[in-house]
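Engineer: quick one, structure for this:
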Amino acid sequence: MQVPDEILNRYIERRKRDLESCFRNIEEGKYEELEKVGHQLKGNGETFGHPELSDIGRELEEAARESDDESVHQAVEKFKNWVDRKIN
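Structural biologist: Numbering: from 1, shown residues only. Predicted structure coming up:
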């Protein structure tokens, strides 16, 4: 199924907000919130035609669940790179 451009653009805008949230949650040590974002990415990345985002979400969810700072940072960096590629 092809996702219409308008819906895809809104999806990417929401991911930008999710990324900003991730940075705030890292600063505040809110692993539960990071886990939620990861879970959402894992669940909807493939639906919107971005299986790589589902993989990133899985990594973030697991790292946050384990309170693994290094892995959380790595997953968020991958997420940032994904967002950067989509908006440029």
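
Engineer: now do the closest residue to residue 30 other than its chain neighbours against residue 58, distance only.
Structural biologist: Closest residue to residue 30 apart from its sequence neighbours, by CB to CB, 6 or more residues apart in numbering: residue 24 at 7.9 Å. (Each C-beta comes from the backbone N, C-alpha and C, glycine too.) From residue 24 across to residue 58, the span is 22 Å (CB to CB, to the nearest Å).

Engineer: kindly report the same for residue 25.
Structural biologist: For residue 25 relative to residue 58 (CB to CB), the value is 17 Å.

Engineer: ramachandran angles for the residue nearest to residue 30?
Structural biologist: Torsion angles at residue 24 (phi, psi; degrees, to the nearest 10) stand at phi -60, psi -40.

Engineer: thinking again about what came up before, more crowded one of residue 24 and residue 58?
Structural biologist: Between residue 24 and residue 58, counted using other CB atoms under 10 Å, the more crowded position is residue 58 (17 against 11).

Engineer: find the nearest non-adjacent residue to that one, please.
Structural biologist: Spatial nearest neighbour of residue 58, chain neighbours left out: residue 42 (4.7 Å); criterion: CB to CB, 6+ apart.

Engineer: tell me how many other residues crowd the one you found.
Structural biologist: Burial measure for residue 42: 19 neighbouring residues, criterion other CB under 10 Å.

Engineer: report pLDDT for it.
Structural biologist: Residue 42 is assigned a predicted lDDT (pLDDT) of 96.

Engineer: wait, it sits on residue 52?
Structural biologist: No - contact criterion CB atoms under 8 Å: residue 42 and residue 52 do not qualify, at 11.4 Å.
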